[in-house]
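1. Here is a sequence with its predicted model. Questions after.
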Amino acid sequence: KPGLYLVGTPIGNLEDITLRALRVLKSADVILSEDTRHSGKLLRHYNISTPLLSYHKFNESQREQRVLRRLKEGEIVVLISDAGTPGISDPGAELAKLCVDENIPVIPIPGPCAVVAALSASGLDTDEFTFVGFLSKHGPSRRERLTASANEARTQIFYVPPHKFSQFLEESSLLFGDSRRCVMAREMTKIHEEMRVPNQFWRGTLGEAKVRFLNQQPKGEMTLLIEGRTNCLVETPSEDQLEHELGELISR
Ligand code: SAM
């Protein structure tokens, strides 16, 4: 059936792909991919020779009309990202919206998603959660977002690039408090030479995380979860106090 298929792909382990995803990838007219070299590896692994077209945040808007035309002509178009579910901190949402507006079917082929994988194994409350994704690069906006998170009763989930890890720990421990429990899900599903026994989840408080990791930064892809507020509202420092406490960090 023609339409836009949003296909979930592995977040590390190439075996994490559904039978339906493989069938749709094989039968599609074109696969839109964030990084055609990266996706090429996955497709070769499964002997899929469907043509690839690059589709990433820098050419998204210029490709849209061309893709819409192909969809209107009745083609099967698949969108994949480098890892996980398209549209989740990855390109896809804009194209899905355009298709919805044009009455073109948008079909999800569910698969891996780092936020869901991390939450399900975290040991934290899964009934309600807030997916924050990547935080802003702009200090005051970032801290405002963290302050709001610190006061939510739901589990808070962040995507943290390795080079932002220590900044994240410093700021979140100030705003959530050192005693708040957190879980670090690192390199999930990947099997490393040095990690014969998968050691992908670290659990402790934000204070313990600082002691453990500030001088020995973990590498790789990280999803961080912080437990929701369990008691009264958290007293968070003002932006002025924060700038004072974080002074050195901010100027870096
Ligand atoms: N679309 C993807 C999804 O569905 O999860 C997310 C893409 S986003 C650009 C990449 C971020 O997801 C990483 O910086 C990291 O925070 C998280 N992530 C991706 N793979 C991961 C993994 N194997 N283990 C832990 N976190 C991961």
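-> That came in fine, so what should we check first?
2. drop to CA atoms for contacts and neighbour counts, all remaining ones
-> Noted.
3. Pull the residues that contact stretch 75-85.
-> 1-12, 24-25, 27-35, 38-39, 71, 86, 90-92, 110-114 (C-alpha atoms under 8 Å, 6 or more residues apart in numbering).
4. Now, those residues that are in strands?
-> If you go by DSSP state E, the contacts of stretch 75-85 have Gly3, Leu4, Tyr5, Leu6, Val7, Val30, Ile31, Leu32, Ser33 in strands.
5. Might you report the residue contacts of the first one?
-> Right, the one you point to is Gly3. Leu71, Gly74, Glu75, Ile76, Val77, Ile104, Pro105, Val106, Ile107.
6. thinking again about what came up before, near the ligand, from the contacts of stretch 75-85?
-> Ile11, Gly12, Pro86, Asp90, Cys113, Ala114 (C-alpha under 6 Å from any ligand atom).
7. Show the buried residues in those.
-> Ile11, Gly12, Pro86, Asp90, Cys113, Ala114 (16 or more other C-alpha atoms under 10 Å).
8. Of the residues you listed, just say which sits nearest to Ser120.
-> Nearest to Ser120 out of those is Ala114 (C-alpha to C-alpha; 10.0 Å).
9. Quick check, that closest one in contact with Thr223.
-> Yes - at 7.1 Å, Ala114 counts as touching Thr223 under the criterion of C-alpha atoms under 8 Å.
10. picking that back up, kindly reformat the buried ones among the ones next to the ligand among the contacts of stretch 75-85 as TSV containing pLDDT.
-> Compiled in TSV, these are given as follows (pLDDT from 0 to 100):
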residue	pLDDT
Ile11	96
Gly12	94
Pro86	97
Asp90	95
Cys113	98
Ala114	98
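11. and Met188, that's in a strand?
-> No - Met188 is assigned coil when assessed by DSSP: H, G, I helix; E, B strand; the rest coil, not a strand.
12. pLDDT value on the closest residue to it other than its chain neighbours, please?
-> Closest residue to Met188 in three dimensions, ignoring its sequence neighbours and counting by C-alpha to C-alpha, 6 or more residues apart in numbering: Gln200, at 5.8 Å. Gln200 is assigned 90 on the pLDDT scale.
13. So what's the residue count around Gln200?
-> The number of residues packed near Gln200 is 16, by other C-alpha atoms under 10 Å.
14. Could I get the contacting residues of it?
-> Met184, Ala185, Arg186, Glu187, Met188.
15. at 10 Å what do you get?
-> Ala118, Met184, Ala185, Arg186, Glu187, Met188, Thr189, Lys190, Ile191, Met222 (C-alpha atoms under 10 Å, 6 or more residues apart in numbering).
16. so the last one makes contact with Val160?
-> Yes - shown here, Met222 and Val160 form a contact pair, counting by C-alpha atoms under 10 Å, at 5.7 Å.
17. Give the ChimeraX command for selecting the buried subset of the contacts of stretch 75-85.
-> Only the buried entries of these go into this ChimeraX selection, using 16+ other C-alpha under 10 Å:
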select :2,3,4,5,6,7,8,9,10,11,12,24,25,28,29,30,31,32,33,34,35,39,71,86,90,91,92,110,111,112,113,114
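18. quick one, helices of this protein?
-> Remark: helices assigned in the chain by DSSP state H are 19-27, 36-45, 60-72, 93-101, 114-122, 139-150, 165-176, 206-213, 239-245, 247-251.
19. Would you confirm that Lys137 contacts Pro161?
-> No - between Lys137 and Pro161 there is no contact under C-alpha under 10 Å: 11.4 Å.
20. which one of these two has more residues nearby?
-> Using other C-alpha under 10 Å, the more surrounded residue of Lys137 and Pro161 is Pro161, with 15 against 9.
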